[in-house]
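Undergrad: One predicted model, sequence on top.
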Amino acid sequence: MENIIELRGVKKIYRMGPERIPALSDINLCFEKGQIYCLLGTSGSGKSTLLNIIAGLEKPSAGEIIFNGSHIEQMSEKQLALFRQKYVGFVFQSYNLLPTLTALENVTLPLIFCGAPKKIRQRRARAMLKAVGLETRYNHKPSEMSGGQQQRVSIARAFINNPQVIFADEPTGNLDTKTTFDMMDLITGIAHERKQTLIIVTHDIEIAHYADTVIHIRDGLVESVESAREPGPSVEKESDLFE
Ligand code: ADP
Ligand code: MG
């Protein structure tokens, strides 16, 4: 399986006046293309810091992040902005939709930045909203939708550019249990179908069950990496051997 992201010796220390807050100590990880990962840990363990560093939203204090062969820790802010536009999508706990824009306008935003013509933007955004079950809500503003519907809009926005990697930080943190499972089915279903890599941050073990690989984070360190896949090479079926 091909790696898409590799982390080597990643550290993060926050400075607040004279105080030094170590958030990540020494993170070494590989992420494979098309797999679903969960960063699981308690509050304050460093999950969001790690996600933000992998996604190029924050700089590490030390270490390397190799994304698709490029060292993103060496990029300028401008290069990072282009990199994020091209390769990554985000889903946040608080949805982060623009309140004055409709569902359709929120979803078309990433396409404006990449210069697609208006007709194509609208066609793609409608198809994406339909895929998340919101074909009757194109012209609703965020305040006119439920939390679950708003998160569906933000999922549509995250996937609209067909990014290679989708990052989701506690994507169901504000949702009830039923909506949480609907949302997880939706987001993992789209990622799986399109063979995209999905990295989800959560403190919820139930959400971790959706992942191919669960990375346990504790006190800024990787405590363990747990794979849900069957170990060992696949064995050919007897019927195949005699064909
Ligand atoms: P989690 O997402 O697992 O709850 P975070 O990555 O948000 O944890 O935080 C890890 C640690 O780093 C915590 O102790 C937190 O207080 C600290 N921290 C996070 N962001 C900042 C910041 N911008 N400035 C200072 N300390 C921070
Ligand atoms: Mg967090």
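TA: Looks like it arrived, so ask away. Ligands and ions are numbered 1, 2, ... in the order given.
Undergrad: If you tally nearby residues, what's the number for Thr172?
TA: Counted with other CB atoms under 10 Å, the neighbours of Thr172 add up to 25. Where you see a C-beta, it was placed from the backbone N, CA and C, and this is true even at glycine.
Undergrad: Equivalent analysis for the one 4 residues further on, please.
TA: Other residues near Asp176 come to 12 when the count uses other CB under 10 Å.
Undergrad: how close does it sit to Ile66?
TA: Distance of Asp176 to Ile66, computed by CB to CB, to the nearest Å: 39 Å.
Undergrad: For the residue positioned nearest the centre of the chain, give me the backbone phi and psi.
TA: The residue lying closest to the centre of the chain (CA atoms, centre = their mean) is Phe167, at 1.3 Å. Phi and psi for Phe167, reported as degrees, to the nearest 10, are phi -110, psi 130.
Undergrad: try Phe92
TA: phi -110, psi 160.
Undergrad: Same check on Ala103?
TA: The phi/psi pair for Ala103 (degrees, to the nearest 10) reads phi -60, psi -50.
Undergrad: Confirm for me that Ala125 is in contact with Phe159.
TA: No: with contact defined as CB atoms under 8 Å, Ala125 does not count as touching Phe159 (10.8 Å).
Undergrad: The top helix by length along the chain - what's its average pLDDT?
TA: Ordering each helix of the chain by length in residues (DSSP state H) puts helix 177-193 first. Across helix 177-193, the average pLDDT comes to 95.
Undergrad: Then stretch 83-101?
TA: Regarding stretch 83-101, the rounded mean pLDDT is 94.
Undergrad: Any part of it near ligand 1?
TA: No: counting by CB under 6 Å from any ligand atom, ligand 1 is not contacted by stretch 83-101; separation bottoms out at 10.2 Å.
Undergrad: Stretch 213-225 near ligand 1 anywhere?
TA: No: using CB under 6 Å from any ligand atom, stretch 213-225 never reaches ligand 1; the gap is at least 6.6 Å.
Undergrad: what's that stretch in contact with?
TA: The contact list for stretch 213-225 (CB atoms under 8 Å, 6 or more residues apart in numbering) reads 12, 22-29, 35-42, 45-47, 49-50, 208, 226-229.
Undergrad: Buried ones among the residues you listed?
TA: Those of those that meet the buried threshold are 12, 23-24, 27, 29, 35-41, 45-47, 49-50, 208, by 16 or more other CB atoms under 10 Å.
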